[in-house]
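Undergrad: no FASTA, just this:
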């Protein structure tokens, strides 16, 4: 699976977020292609199961499924001062 495939999977998640949220609210979903493989209560549980199920790193996404755009939007800030 290439990075473009993961971008496609993420785009699919965003487009189907509301219906996925109805079924998997406030869980971590493991996505591959255009499907939800399974859900878990925590990121660590999702990662552990993905490993146990033999999913290869870089071939799937683990995405928190919370309400609204915060489910797939992050802002990174840095407190760096240049002198």
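TA: Arrived safely. In this text the structure is predicted, and so the values were computed from the model without any measurement. Numbers count the residues shown, from 1 in each chain.
Undergrad: For this structure, which segments count as helices?
TA: 3-15, 17-24, 43-52 (DSSP state H).
Undergrad: Least reliable of these by average pLDDT, please.
TA: Among those, helix 3-15 has the lowest mean pLDDT, at a mean of 88.
Undergrad: Show me what it is packed up against.
TA: In terms of contacts (3 or more C-beta pairs under 8 Å, 6 or more residues apart in numbering; DSSP states H and E), helix 3-15 is packed against strand 27-32, strand 61-65. Bear in mind the C-beta positions are built from the backbone N, C-alpha and C, glycine included.
Undergrad: what is the residue positioned nearest the centre of the chain paired to in the beta sheet?
TA: Central residue of the chain (C-alpha atoms, centre = their mean): residue 63, 1.7 Å from the mean position. Beta bridges link residue 63 to residue 29 when assigned by DSSP bridges.
Undergrad: doesn't residue 73 make contact with it?
TA: No - Residue 63 lies out of contact with residue 73 (C-beta atoms under 8 Å); the separation is 11.8 Å.
Undergrad: that older thread, quick check, pLDDT for the residue nearest to the centre of the chain.
TA: pLDDT for residue 63: 92.
Undergrad: same check, this time on residue 70
TA: pLDDT for residue 70: 72.
Undergrad: And for it, the neighbour number?
TA: Applying other C-beta atoms under 10 Å, we find 9 residues neighbouring residue 70.
Undergrad: how near is residue 6 to residue 57?
TA: Here residue 6 is placed at a distance of 11 Å from residue 57 (C-beta to C-beta, to the nearest Å).
Undergrad: And those two? Which one has more around it.
TA: Looking at residue 6 and residue 57 with other C-beta under 10 Å, you find the greater number of neighbours at residue 6, namely 17 against 8.
Undergrad: ok, residue 36 - contacts?
TA: For residue 36, the contact set (C-beta atoms under 8 Å, 6 or more residues apart in numbering) comprises 20, 23-24, 29-30.
Undergrad: try it again with 6 Å
TA: residue 29 (C-beta atoms under 6 Å, 6 or more residues apart in numbering).
Undergrad: do the same with residue 72
TA: Contacts of residue 72 by C-beta under 6 Å, 6+ apart are residue 14.
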